[in-house]
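>>> next comes the sequence, and after it the predicted model I'd like to discuss.
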Amino acid sequence: MNTKEAYKHFEKLNYILNEMEDRYGNMPEEIECNYDEPEDQYKARMAQDILDKLRDAKRQLEWIFSPILAEGFLVKRTDGRYEIAGTDFYFTS
């Protein structure tokens, strides 16, 4: 698979994850289960593990699909901070 194909799949996955988030306000934090049924408890634990990994994937997808705000060379300002040359973007730490 090349990067172009991979990113097409990532876009679809990002869309699905956004649907999950919108439906619940956030990604679900807990999976409800019947605690009297061991199989249901097991499935709920597995679902929770999957949701944790999906949250991580969502953060990474948001990062790769976020727009680039500025590009350029770093230059040191007179106040000692660094900025991207020709922009108002500077770094404080």
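Looks like it arrived, so ask away. This is a predicted model, so every value here is computed, not measured.

>>> the most far-flung residue of the chain relative to its centre and residue 89, how far apart?
Here the chain reaches farthest from its C-alpha mean at residue 78, the gap being 35.8 Å by Cα atoms, centre = their mean. Distance, residue 78 to residue 89, using Cβ to Cβ, to the nearest Å: 16 Å. (C-beta placed from N, C-alpha, C; glycine too.)

>>> one more: residue 74?
Taken as Cβ to Cβ, the span from residue 74 to residue 89 is 10 Å.

>>> overlap in contacts of the two?
residue 83 (Cβ atoms under 8 Å, 6 or more residues apart in numbering).

>>> and these two? Which one has more around it.
Ranked by neighbour count (other Cβ atoms under 10 Å), residue 74 and residue 89 place residue 89 first, with 14 against 11.

>>> for that one, what are phi and psi?
Recorded main-chain torsions at residue 89 are phi -90, psi 120, according to degrees, to the nearest 10.

>>> check what pLDDT it gets.
For residue 89, the model assigns a pLDDT of 88.

>>> got a list of what the residue lying closest to it once chain neighbours are set aside touches?
Once flanking residues are discounted, residue 89 sits nearest to residue 70: 4.7 Å by Cβ to Cβ, 6 or more residues apart in numbering. The neighbours of residue 70, taking Cβ under 8 Å, 6+ apart as the test, are 84, 87, 89.
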